[in-house]
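Trainee: fold the stuff below for me.
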Amino acid sequence: MKLFSITLLLTFFSTTYLYAQDFEYGKITGSDVELKNTRLDSTANAMVIKEFGTASVQLDNATGKTYIDFEYHVRIKIFNKEGFSHGNIVIPLRIYRDGEDEIKELKATTINFTNGKLVTTELDKKKVFTEKRNKYVSLTKFTMPNLMDGSIIEYSYRMSLPSIFNFKTWEFQSDIPKLQSEYIANIPAIYNYNVSLRGVQKFAKQNAEVKRECLSINGTKIDCSKMTYIMKDVPALIEEDYMTAPSNFKSAIYFELSDYVQMNGGKKSITKTWKDVDYELVSEKAFGDQMKRKDVFKELLPQILGNVSDDLNKAKAIYTYIGKNIKMNGFIGIYSETNIKTALEKHSGNTGDINLALIAALSAANLDAEAVILSTRANGVVNNLYPVISDFDYVVAKVNIGDQSYLLDASQPLLPFGLLPLQCINGNGRVINLKKPSYWYDLKASQKESTKYILDGELTSDGKLKGKLTTYSSGYAALKKRQRIVAANSVDEYVEKLDEQMPGISILKHSIENVDSLDNPLIEIYEIDMKVFDNLNADQSYFNPFFINRISKNPFNLNERNYPVDLGAANEERITMIIKLPANISVADKPKDMSLALADNGGKYLTSTAMQDDSFIFNQMLQFNKPIYDSEDYLSLKEFYSRIIQLQKTDIVFKKTK
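Mentor: So this is what the prediction gives:
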C-alpha cells in the first residue's frame, strides 16, 4: 500500500482540460452485450463496465450550511448465477449528531438481451428499504429485478452528505474487476484537503483544472479545483485468509480537510499537530475527564485489592474487577458514551467507558496508567502523516510496572491479563498521557497462539484406536476455545459439538481444566475411540496419522498478492502420538520424515515417525515465527502449504505378521 499526502493548491493546477463526464443512462452498446469475462478476468462472475462519480461542495440556502453533493452511476455485467449477489445493492449512510446522509433520485434498471432484443426491467421503488445497522450507520438496500445469466444492471443516485470534513471517498477497486472507474472532485479554493491514495493500481489519467465560480457564499463567487481521476482495467481485490481490512489495500482516494478560508478573511486550521490533539483529548469531557475520575474508585479499592500489596497483582485485581462489573454494550469507540461512574452503576458501557474506567481505577491505586487509542483491524490502518482522530475507533489501557508495560482490554472478559484481542493488533497505537506528550506504540501480541496435542493410545485387535488425547492451549488458541465454551453454554455442550465435528472419532469421557483460570493454559483431556481398520486380518492396512487439524485446503491460491499475510500473532502447533500396536502388526511403510523451513527463520514444518519397542511414535510441528509476512513471501508460503498438504495425504501402511 502506498500512502502519500498531496496539498491542493489552486495556483499549481494545470489548465489542460480533460473531457471526462458521466455516461448516458440506459444506453447499452453491442460491446456491453457481447462482453465476456475473458476481457479482464476469466474467473470473474461479474464486472463493472463503467463507473462514474462526482462530488462538489454546495450551499443549502435554507439553512446556510454547506454540504457535499455526490452523484454515482454504475453499469455492471453479470456473467452467471454466481454473480447474482452483485445485484444485491447496499448503500451505507452515516448518521451524525446534527444530520445524516440522504439519498435522492435513485433509479435502477436490469437489461437483458432476449430473442434478439433488449428488454429492460425497472426497479420498483417500493422494494427499496432502509435498515438501521446501529446509531451511527443506516443501510439503503434493494435487489435488482429479473436477474439472469448475461444481465446488465445499471443504477444511479444522488447523495447529500452534511459533513464536509471528509470529502467523499472514492474506491477504484472492489471485489469484482472494473473496465473503467472515473471520479471528479470539485473542491472550492477556500477549502484545502490532504489527499491520500491507497493501493498499488495506477491512474490511467489524472488531471486538475480551474472551474470558475463553482460556488457562491453570501454573494462571493468562489472558483473550484476540478480534480479528475480515471483508472482502467482495474483487477478485483480478492480477499484471502490472513488479511486485515480490505480498505488498507484497495485502490482508493481519501480526502481529509486540512484548513479553510473564512468569509471574514481569516484562516481556520483543521489538521492539527499531536500537541493540539493531546490537549483536546485530555480536556475532552468524554475522554481525559474520565481518565481523571480516580474519585469513583477510592472507596472501592479496599474491596477490589483485599490484601494484595505488589503492583502487578494490584493491576490484575483491578483488571478483573472492571471486566466483571462493566459489560460491553456492543459498541466500540475511544470516548465514553455516558461517563464511567454511570457505566459502573449500570454495569454496562462501550469500550470507551470500560477501558477509561480501568485507567482511572489503576491511577487511583497509584499505578502508572495511560490510554492507547488505536484502529482495529476491520477499521484499517492509521494515517501516520498527520493526526486524524476519526482514524481511531478503539481505546485500551497501558499500565507500566517496573520495566514492563502491559496492554489491557477489560471489555473482553476472557482475555488474560496483558493480552489484547487480535482485532486490536494493527500497526501502531497512540499513547495518551494526562501529563506528558503522546507517542506512538507498536501493538504486538504479547503471547503466541500455541497448541500441543498428546495422544497416548493403543491399536486394538478389532481395528480400533483407543486412548487419551490431551490438549494444551495457550494465548489466542486458549482464548478461542474459551469463547466457544461460553458460546456453547456449558463444557458438556462444547464437548458434544466437538464430538459432532470429528466424524469417526467418539469422545467417551472428558475433563477440561482452567476454563476460568485465564492466565493458565486450557487443558482438555478426552478418552477417545476411533475406528482405524475395517479388516484387521488383511495383509496390509492403511492409517493416516494426520487426522488432528489436517490441512486440506491451501489458504493461499492467488498467482500473486500485493498485500501482506497478517496472522496477527506468531503461532505453533505440536502433535505427538504414541500408539501401541498389536503383537501381530508391524509398520510396512510410513510417511517420509520432513523438514521444511521458511526463509529468515520465518517458520518451519517438521514430521518424524519411528518405532520404539511395540509402539509407533509420530511427531509433527507447524510453526510460524512472524505475525506478519511481506507480500514478497507470499509464493513461498503458498508452496510451503502445498507441500504440507501433499505429505498429509500419505498413509502409514501396517502389515500383518505371521
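Trainee: for Ile645, which non-adjacent residue is closest in space?
Mentor: In space, and not counting its chain neighbours, Ile645 is closest to Ile551: 5.5 Å by C-beta to C-beta, 6 or more residues apart in numbering. The C-beta positions use only the backbone N, C-alpha and C, and glycine is treated the same way.
Trainee: now swap in Ala369 and tell me
Mentor: Per C-beta to C-beta, 6+ apart, closest to Ala369 is Leu362, 3.7 Å.
Trainee: from what I see, the one you found and Lys398 are in contact.
Mentor: No: between Leu362 and Lys398 no contact is recorded; they are 9.5 Å apart, counting by C-beta atoms under 8 Å.
Trainee: shared neighbours of the two, which are they?
Mentor: Residues touching both Leu362 and Lys398 by C-beta atoms under 8 Å, 6 or more residues apart in numbering: Ala369.
Trainee: where do the strands of the stretch 251-400 of the chain begin and end?
Mentor: All strands of the stretch 251-400 of the chain, identified by DSSP state E, counting those that start in this stretch, fall at 252-261, 267-269, 327-328, 348-349, 368-374, 394-401.
Trainee: for the last one, what is the average pLDDT?
Mentor: Strand 394-401 shows a mean pLDDT of 97 in the predicted model.
Trainee: which outside residues touch it?
Mentor: 311-312, 315, 332-334, 351-352, 355-356, 358-359, 362, 367-376, 379, 405-410, 420, 423-424, 429, 431, 441.
Trainee: ok, the fourth one next?
Mentor: Taking contacts as C-beta under 8 Å, 6+ apart, the residues outside strand 348-349 that touch it are 326-329, 336-338, 340, 342-343, 357.
Trainee: go again using 6 Å as the cut-off
Mentor: Strand 348-349 has contacts (C-beta atoms under 6 Å, 6 or more residues apart in numbering) with 326-327, 329, 343.
Trainee: lowest-confidence entry in these?
Mentor: Asn329 (92).
Trainee: in this structure Ser541 contacts Phe654, no?
Mentor: Yes: here Ser541 reaches Phe654: they are 4.7 Å apart, a contact under C-beta atoms under 6 Å.
Trainee: thinking again about what came up before, tally of neighbours for the residue nearest to Ile645?
Mentor: Applying other C-beta atoms under 10 Å, we find 15 other residues in the vicinity of Ile551.
Trainee: the one 3 residues further on now?
Mentor: Under the neighbour criterion other C-beta under 10 Å, Asn554 is assigned a count of 15.
Trainee: so it: helix, strand or coil?
Mentor: When classified by DSSP: H, G, I helix; E, B strand; the rest coil, Asn554 comes out as coil.
Trainee: SS state for the residue nearest to Ile645?
Mentor: From three-state DSSP, the assignment for Ile551 is coil.
Trainee: pLDDT weak spots in the stretch 1-150 of the chain?
Mentor: Low-confidence segments of the stretch 1-150 of the chain (pLDDT under 70): 1-20.
Trainee: quick one, strands of it?
Mentor: 5-7, 46-60, 65-78, 88-96, 99-100, 102-114, 117-122, 129-132, 137-143.
Trainee: the second one: how far from the chain's middle?
Mentor: Taking the mean C-alpha point of strand 46-60 and that of its whole chain, the gap between them comes to 27 Å (C-alpha atoms, centre = their mean, to the nearest Å).
Trainee: likewise for the shortest one?
Mentor: When C-alpha coordinates are averaged (C-alpha atoms, centre = their mean), strand 99-100 and its chain have centres 27 Å apart.
Trainee: now do the contacts for Trp170.
Mentor: If you count contacts by C-beta under 6 Å, 6+ apart, Trp170 has them with 53, 183, 253.
Trainee: residue contacts, the closest residue to it other than its chain neighbours?
Mentor: Closest residue in space to Trp170, ignoring its immediate chain neighbours: Tyr183 at 4.0 Å, by C-beta to C-beta, 6+ apart. Counting by C-beta under 6 Å, 6+ apart, Tyr183 touches 53, 170, 229.
Trainee: so Tyr183 sits in a strand?
Mentor: Yes: assigned with three-state DSSP, Tyr183 falls within a strand.
Trainee: give me the beta-bridge partners of it?
Mentor: Gly53, Tyr229 (DSSP bridges).
Trainee: next: Glu573.
Mentor: Per DSSP bridges, the residues bridged to Glu573 are Thr451, Leu622.
Trainee: hmm, it is touching Thr451, no?
Mentor: Yes: Glu573 lies in contact with Thr451 (C-beta under 6 Å); the separation is 5.0 Å.
Trainee: more neighbours: those two, which one.
Mentor: When neighbours are counted by other C-beta under 10 Å, Glu573 and Thr451 differ, and Thr451 comes out ahead with 24 against 19.
Trainee: any idea how far the more buried one lies from Phe547?
Mentor: 15 Å (C-beta to C-beta, to the nearest Å).
Trainee: what's the answer for Asp41, then?
Mentor: On the measure of C-beta to C-beta, Asp41 and Phe547 end up 37 Å apart.
Trainee: and Val200, by the same measure?
Mentor: For Val200, the distance to Phe547 equals 41 Å [C-beta to C-beta].
Trainee: higher neighbour count, those two?
Mentor: Phe547 (17 against 13).
Trainee: please report how far the more buried one lies from Tyr494.
Mentor: When Phe547 is compared with Tyr494 (using C-beta to C-beta), they lie 20 Å apart.
Trainee: likewise for Glu527?
Mentor: 16 Å.
Trainee: and for Leu301?
Mentor: Per C-beta to C-beta, Leu301 is found 36 Å from Tyr494.
Trainee: so which of those two has more stuff around it?
Mentor: Tyr494 (21 against 18).
Trainee: what helix or strand does Cys224 sit in?
Mentor: Using DSSP states H and E, Cys224 sits in strand 220-234.
Trainee: okay, angle between that strand and strand 46-60 too, please.
Mentor: Following axes from the mean of the first three to the mean of the last three C-alpha atoms, to 10 degrees, one obtains 170 degrees for the angle between strand 220-234 and strand 46-60.
Trainee: CA atoms only: put strand 220-234 into PDB for me.
Mentor: Extracted as PDB, the C-alpha positions of strand 220-234 are listed here (Å, rounded to 0.1, in the frame of the first residue of the first chain):
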ATOM      1  CA  THR A 220     -19.000  35.900  -3.100                       C
ATOM      2  CA  LYS A 221     -18.100  33.900  -6.200                       C
ATOM      3  CA  ILE A 222     -15.600  31.100  -5.500                       C
ATOM      4  CA  ASP A 223     -13.500  29.100  -8.000                       C
ATOM      5  CA  CYS A 224     -13.000  25.400  -7.700                       C
ATOM      6  CA  SER A 225     -10.300  22.900  -8.500                       C
ATOM      7  CA  LYS A 226     -11.800  20.200 -10.700                       C
ATOM      8  CA  MET A 227      -9.800  17.100 -10.000                       C
ATOM      9  CA  THR A 228     -10.300  14.200 -12.400                       C
ATOM     10  CA  TYR A 229      -9.100  10.700 -11.700                       C
ATOM     11  CA  ILE A 230      -9.500   7.700 -14.000                       C
ATOM     12  CA  MET A 231      -8.400   4.100 -13.600                       C
ATOM     13  CA  LYS A 232      -8.900   1.400 -16.300                       C
ATOM     14  CA  ASP A 233      -8.700  -2.400 -16.300                       C
ATOM     15  CA  VAL A 234      -8.700  -2.500 -12.500                       C
END
